[in-house]
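Novice: Coordinates only, no sequence provided:
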DNA sequence: TGCGTAAATGAGCGTATGATTAATAACGGC
DNA sequence: GCCGTTATTAATCATACGCTCATTTACGCA
């Protein structure tokens, strides 16, 4: 049992550990922005269970500094979500899809080329997945928005372009959404193969998107018609059972 | 400052905390199997950063027992990978795809219906994603196998069924793989929407798969031909540049 | 050149983690 | 019913985590 030596100098907090690397003093706005960008890169790589000490080392700052600019790790993650989800939506997409002065295939090609460019980023696709796997509500809201503002409008444009029978304002069926998702999936999953599964990326993405859209449009009339027939048959069966 | 009371009974390890819930004594094989199944469910829900204490509580056993049956958390995770990746492959798929006694569209419909049924499980799709995001090598090997044993064979069958010009044994191009992946993506991403993004699942999956395959086959001739022309043009350009 | 402000830091707090160990108790054989 | 075997457990360990705080020090301004 030994008492601490009262003559020993008390360790002094705040002293530089490595005098060769001078401490950088930034404007608070710049430092906050730098931390947020670094957090996006770090969490995209290691997931949200990554460590704050490790993140700080990647940033070249002390761990304590993170908590000066963000009250908690959870608050930092929320700001990461804001950047990845909220700031990555172009209102032009919805207008482009609905612009009937151009043929639908032209619109779809232009939309998916731009959409692909916008989300084909390592950080975006991985943080989306990490947050979806965590069951974050912002993630579910984001995917609901994709359905309501992209997929369902495209369904309506398909109905119009194909001049399908039936009232044009009837609700979009799940099956119709799935048809449009077959095109959407191709683009998204191509990006996931690259950034999540580390396979080779899609070469000539703009060229391939033209092929995908032309393939989709070539089969669309038949597919939508069969979906309508399928649903009509289902309805008929349900009515028969309901009034025997 | 008080010394521990020497008269106080020393806490006795191994005693039941809750005598109302009697301790279950299983055969080692059964217990190991039970832990492994529980670990698959647990890690599928919470990811591999989930806690061993939490897993043990889900299983209704003590945390220490996990380490009697698996030397470490990492070893348990490895066994989870074995079950999810290695035991979930049907050799019949490769035979089915290559069986030229049936039309290609029939084979693709049968294959994707079975494939969809096999991997449309919460645990499988989520654990695949968690491990891919971690960059596990078993995950990359698994996706390489999908390319080599499913995607590339389908490309070869497309070449044969469409009677495309060109030597039939030339290497499968990246662009051709991307075309087949457009069909594959539709199935996989539909499952991911359900189990990862918590959206409504695909209704009537078998019916929808028939639509997807028919749509793919309808556009396949044009798409493969344009890919060949695209690559030929690229080659010509490269040769022109190489020998000016 | 010196000084005050506040940005940045090292050390430390309480808790939780993966893993270990000695104590307990369930079950089969007699 | 007793007993030995061993499956199961409570308690504990060393470390790592998110977070706090007193101390240090970079920089703008005089």
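Specialist: Sure, I can see it. In this text, all values refer to a predicted model and were calculated from it rather than measured experimentally.
Novice: So which residues of chain A form helices?
Specialist: Under the criterion DSSP state H, chain A contains helices at A:28-46, A:52-59, A:63-69, A:73-81, A:91-98, A:104-119, A:122-133, A:137-146, A:152-162, A:174-195, A:205-242.
Novice: what packs against the first one?
Specialist: What it means is helix A:28-46. Applying 3 or more Cβ pairs under 8 Å, 6 or more residues apart in numbering or on different chains; DSSP states H and E, we find helix A:28-46 packed against helix A:52-59, helix A:63-69, helix A:73-81, helix A:122-133. For glycine as for every other residue, the C-beta is placed from the backbone atoms N, C-alpha and C.
Novice: and what of the shortest one?
Specialist: With contacts taken as 3+ Cβ pairs under 8 Å, 6+ apart, helix A:63-69 sits against helix A:28-46, helix A:52-59.
Novice: what's around whatever residue of chain A ends up closest to DNA strand D, how many residues?
Specialist: Residue nearest to DNA strand D within chain A (Cβ to the nearest atom of the strand): residue A:14, separated by 2.0 Å. Applying other Cβ atoms under 10 Å in any protein chain shown, we find 7 residues neighbouring residue A:14.
Novice: measure it to residue A:62 for me?
Specialist: For residue A:14, the distance to residue A:62 equals 10 Å [Cβ to Cβ, to the nearest Å].
Novice: Kindly report the same for residue A:230.
Specialist: 62 Å.
Novice: Name the nearest residue to residue A:209, ignoring sequence neighbours.
Specialist: In space, not counting the residues next to it along the chain, residue A:209 is nearest to residue A:112; the distance is 4.9 Å by Cβ to Cβ, 6 or more residues apart in numbering or on different chains.
Novice: Tell me which residues touch that neighbour, please.
Specialist: A:183, A:187, A:209, A:212-213 (Cβ atoms under 8 Å, 6 or more residues apart in numbering or on different chains).
Novice: got it, and residue A:76?
Specialist: Residues near residue A:76 by Cβ under 8 Å, 6+ apart: A:35-36, A:39, A:66, A:70.
Novice: what's the most distant pair in those?
Specialist: By the measure Cβ to Cβ, A:36 and A:66 form the most distant pair in those, at 10.5 Å.
Novice: So which of those two has more stuff around it?
Specialist: More crowded of residue A:36 and residue A:66, by other Cβ under 10 Å: residue A:66, with 20 against 16.
Novice: And that one, what's its pLDDT?
Specialist: Looking at residue A:66, its pLDDT reads 98.
Novice: Was I right to think it contacts residue A:57?
Specialist: No - taking Cβ atoms under 8 Å as the definition, residue A:66 is not a contact partner of residue A:57, at 11.1 Å.
Novice: about what we covered before: could I get the helices and strands packed on helix A:63-69 in JSON lines, plus columns for mean pLDDT?
Specialist: JSON lines is the format used below for those (pLDDT from 0 to 100):
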{"stretch": "helix A:28-46", "mean pLDDT": "97"}
{"stretch": "helix A:52-59", "mean pLDDT": "98"}
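Novice: got those helices as TSV, with distance to residue B:78 columns?
Specialist: As requested, the helices and strands packed on helix A:63-69 are arranged in TSV below (distance: least, Cβ to Cβ, whole Å):
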stretch	distance to residue B:78
helix A:28-46	20
helix A:52-59	24
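Novice: Tell me which of these lies nearest to residue B:101.
Specialist: Going by Cβ to Cβ, the one of the helices and strands packed on helix A:63-69 nearest residue B:101 is helix A:28-46, 47.9 Å.
Novice: So what touches that closest one?
Specialist: A:26, A:50, A:54-55, A:58-59, A:61, A:65-66, A:69-70, A:76-77, A:79-80, A:83-84, A:122-123, A:126-127, A:130.
Novice: can you do 6 Å?
Specialist: Residues outside helix A:28-46 that contact it (Cβ atoms under 6 Å, 6 or more residues apart in numbering or on different chains): A:50, A:55, A:58-59, A:69, A:76, A:79-80, A:123, A:126-127.
Novice: Give me the buried entries from these.
Specialist: Neighbour counting by 16 or more other Cβ atoms under 10 Å in any protein chain shown classes A:50, A:55, A:59, A:69, A:76, A:79-80, A:123, A:126-127 among the contacts of helix A:28-46 as buried.
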